[in-house]
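Novice: Below is the sequence, then the predicted model.
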Amino acid sequence: MKYMDKSIELIHEALKKGEVTSEELIKEALEKSHEVNDKYNAFVTILDNAKALKVTDNLLSGIPYGIKDNYSTKDILSTGSSNTLKDYVPFFTATAIENLTKCGAVAVNKTVMDEFGMGGTGTTGHTGTVLNPWDKTRMCAGSSAGSACAVASGVYPYATGSDTGDSIRKPAAYCGIVGYKPTYGMISRYGLFPFASSLDHCGVLTRNVKDAAIVVDGMKGIDKNDMTSWDSSHINLKESINGKVSGKKLCYIKEICDINNYPDATTELKEHLNNFMNVINKCKEIGLEVEEVSVDKKLLQAVPSVYVVISCAEATSNMSNLTGIIFGPRAKGNNYIEMMKNYRTEGFSPLIKRRFVIGSYVLQAQNKDRYFHNAQRVRRLVVDKWKELFKNYDAVILPVGSGPAKLLKGSKDMLDKDTQILEDHLQIGNFGGFPSITIPDGFINNLPIGVNITGNCYDDANVLNIAYALESQMNYKDQIAKEVNNG
Amino acid sequence: MDKYKVLIGLEMHCEISETNTKVFSSAANNYTEEANANIRPVDMAFPGTLPVVNKEAVKKALMASMILNCKQPEYMYFERKNYYYPDLPKGFQITQETKPIPVGIYGHLDFEVDGEVKRVRINNLHLEEDAASLDHYHGYSRINYNRAGVPLLELVTEPDLHSANEAVAFLETMRSIYQYTNISEADSKKGQIRCDVNVSIMDSDKDESDVNNWGTKIEIKNVNSFGGVRDAINYEIKRQIELKEDGKYEQMEQQTRRFDEESGTTIFMRSKVDAIDYKYFVEPNLPKIKISENWLKEIRKEIPALANERKEKYIKEYGLTNYDATIIVKDKNVADYYEKTIELGADPKSASNWITTNLLGHLNKMELDIKDIKMSPTMLVELINLVENKTISSKQAKEVFYDTITLGKNPSDIVKEKGLSQISDEQEIVKIANEVLDENEAIIEKYKNGRTNVIDYLVGQIMKKTKGKANPEIARKTMLNEIEKR
């Protein structure tokens, strides 16, 4: 009997009834970890010595899970999938992980990501490319590539992720699972290696909406070490899921969803948008009101640039602590400047270096107002627009990406201009710190695709409840990847 | 009339030493000789650590802002100043820029120099974190992270100062303010005060209020003592005047120089064109902090009496001279010590005399701080009382004072141990006086014949018999009485 492909509630029940022990679950998760690592290269570290924890009334107790490698874990290698930290073993644990440990959750591996969360392909980690468990010729997307791959492969019911632009929600869509980032500050970022602090969110990848609620209930909480965290002790996400959505209102955006926006649309894109409209009908069937709204295309088109400017600026500053002097493999050099330079030159991938150059450029005195401050102004405009939508609607529903997972061969971190807004609108969730969840909503050529629901800040329960109701109306809950192409 | 007028602006950095923890870290904020003892992960910028604002540091900074008559912000932001240096583990310093408003902006402070009141305008006051400290050895350096993250107040003046004297007087006033408000020990020996000095000269017949008449600004970095500030300014004035006289002044570019303590000179570091672009932006991990009107009111109420107020009180209420009062308020710890003795019942004038002459004299001679001495205010009060109730003479008191301050023993115990107490018991002295008279019949005769000055000899005999312990006044009075009876 296998358990790791089940939901958290089912596994908990089995543990409680004594059908299975925590030790047995860990053994299963570890065996599966090695298998998945051999096939898809999903892990930086597999914790073969993981110890069972006591099974209590907490739903997470005794159950294995995975940690994205940008969470600081005491005494466990934490690399951020970067050569600059390839030997870094922290002496403190991220608050979110501490919280899960308090629940009795058992970490069994650290998952591969795009280097420091920068990248959306799962190809830039220092241990190599993560392959999509549905089709090994395709990417998982990123940056939470290893977490998405592992959860979709049934290694365990959930893995933590982090999301600065779409790093949880895009890989979830490409791997046919659920990806949820709650409101900014609901989960402490203390111990999460930063990419862009004002956009970074902790979150989780699961195979169903309720599991996402259960895990975030475990991770969240105000933290004295993170001033942007807030007290959510009055919120119980799992308890607030009741499936009752009648009378709730959703909207989708014409400029993103209408096929007429894409004169050169591929068959894939047509199918994807067609499927989305079918999902809208399903929403209506369960009593949700859905309306099409219009948003200035100029504003939408500015989103990716705003993201690049702000995220690169914050990243270049955030990663200035990586000098190899205090931690990380110290480089050789005749003086400290040479040591820092050599360490950074050898350690970072070209993609990151490119982003550092952009970040420095937009912050330079002569460019700052034109780029950085303007980006902040536009960010504000976009967020205000979305807040305006949330006055009339409970959430915005949109398709994720322009179709299923992209092929690895010939993939660049460059995007097709036409469909750019489809690929990048999830960044709006980060601009505003909005709660945002992606769930699987169909297949194109046997490969999963996803739909996203984003609501207003602090309205996580509402967003999850809508996602839960929609999930219940479709057949993609708890799905495990079925390999259709093994390369 | 001097040919040139000197314009001096100061950037004064002062560590806030009187908070429990650092400004963005929960590590202890206390000075220790032990390297790398006060550190939390955030102080060494381990990945994933985040800054958390210390409210107490903000409060103290706001208090300083009020005293400097600055405008306080409604919302407070912090900014990142990005640059690489081994003493800066994050690769950026969390500080404040003039926009948005830092902890204080556009204020002024009146201060006294050579009996004259001057006003200096304050451009801004901001709260930031200190860097780690580096110790350089032959061929290598050591980094001590104790100082990394210690709260630092940076005060920027307009160029309203006109001489080294004025600059130092202003700095001394500021140091006194920081000490009296319990913001900082402001001890330059502990590296708590560091200054950057801007100096320029202009023709003195031109209008100072017109910026176009100002000379080229020269910034001197990292001057770490008030003496250094004086020397750096005087050297720089001389250097600039020489350039002017040689006709080379116009070619001098705006530049940053450093002060070399050993030679007392300033040395070229970099010109303005090589200025570092610090790429400031708002620190995203610290949400803007609302500074409520109520909080500001509370802080304003908590501003303690500063040196000047205390000085006035000492003159008016305690009858001290301006001279003595000035000496006492110069160091807040001395003033606190003084007030404590009065609280314990000492006569304000006697206490002042003891402190300004004996106590401070001893401190200066031994190069001690008043906080380091073993003599508590209670002990000083005890000593004063011993003199006042005539248990010991003022000559004996000096001896007792020395033993108390060096050994930390109670004055009364010292008096007992050394058998120093005066004989003030009149009956005892009457007995001794009669003994003396019995032994000196011939002298009594001389006295009766009008040689009244022999009384001195007789009193001397009492002192001899009592080994100097008899109260001299009582001895004289008694002898006069007893000799008349003969």
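Specialist: Here it is on my side, so go on.

Novice: list the contacts for residue 325?
Specialist: If you meant another chain, say so; for now it's chain A. Counting by Cβ atoms under 8 Å, 6 or more residues apart in numbering or on different chains, A:Ile325 makes contact with A:336, A:339-340, B:86. (Each C-beta comes from the backbone N, C-alpha and C, glycine too.)

Novice: wrong chain, I was asking about chain B
Specialist: Contact analysis of B:Ala325 by Cβ under 8 Å, 6+ apart lists B:311, B:314-315, B:352.

Novice: Identify those among the residues you listed that sit within strands.
Specialist: In strands, judged by DSSP state E, none of the contacts of B:Ala325 are found.

Novice: Reformat these as a markdown table; add pLDDT and distance to A:Thr95.
Specialist: A markdown table is the format used below for the contacts of B:Ala325 (pLDDT from 0 to 100; distance: Cβ to Cβ, whole Å):
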| residue | pLDDT | distance to A:Thr95 |
| --- | --- | --- |
| B:Lys311 | 94 | 52 |
| B:Tyr314 | 96 | 54 |
| B:Ile315 | 95 | 57 |
| B:Ser352 | 95 | 57 |
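
Novice: In PyMOL, how would I select the buried members of those residues?
Specialist: Under the burial definition 16 or more other Cβ atoms under 10 Å in any protein chain shown, those of those that qualify are selected in PyMOL by:
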select buried, chain B and resi 311+314+352
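
Novice: re the thing from before, in helices only, show me the contacts of A:Ile325.
Specialist: Applying DSSP state H to those, the entries found in helices are A:336, A:339-340.

Novice: neighbours of A:His12, just the number please.
Specialist: Neighbour count of A:His12, defined by other Cβ atoms under 10 Å in any protein chain shown: 22.

Novice: That one reaches A:Leu59, doesn't it?
Specialist: Yes: counting by Cβ atoms under 8 Å, A:His12 touches A:Leu59, with 4.8 Å between them.

Novice: how near is the residue lying closest to B:Ser188 once chain neighbours are set aside to A:Ser162?
Specialist: Nearest in space to B:Ser188, with sequence neighbours left out and distances taken as Cβ to Cβ, 6 or more residues apart in numbering or on different chains, is B:Ser225 at 5.0 Å. As judged by Cβ to Cβ, to the nearest Å, B:Ser225 and A:Ser162 stand 48 Å apart.

Novice: Please say which of the two ends up with more neighbours.
Specialist: Comparing B:Ser225 with A:Ser162 by neighbour count (other Cβ under 10 Å), the higher total belongs to A:Ser162, at 28 against 18.

Novice: Helix or strand: which one has the nearest residue to A:Gly176 once chain neighbours are set aside?
Specialist: Distances taken as Cβ to Cβ, 6+ apart place A:Pro448 nearest to A:Gly176, at 3.0 Å, with adjacent residues excluded. Assigned by DSSP states H and E, A:Pro448 belongs to strand A:447-455.

Novice: cool, and B:Lys221?
Specialist: Counting by DSSP H and E, the element that carries B:Lys221 is strand B:218-223.

Novice: sorry, back to before: reformat the ones in helices among the contacts of A:Ile325 into TSV and put pLDDT next to each item.
Specialist: Formatted as TSV, the ones in helices among the contacts of A:Ile325 follow (pLDDT from 0 to 100):
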residue	pLDDT
A:Tyr336	87
A:Met339	93
A:Met340	93
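
Novice: for whatever residue of the stretch 1-150 of chain A ends up closest to chain B, what are its contacts?
Specialist: Taking Cβ to the nearest Cβ, chain B has its nearest neighbour within the stretch 1-150 of chain A at A:Ser72, 4.4 Å off. Residues near A:Ser72 by Cβ under 8 Å, 6+ apart: A:78, A:90, A:92-94, A:97, A:191-193, B:46-48.
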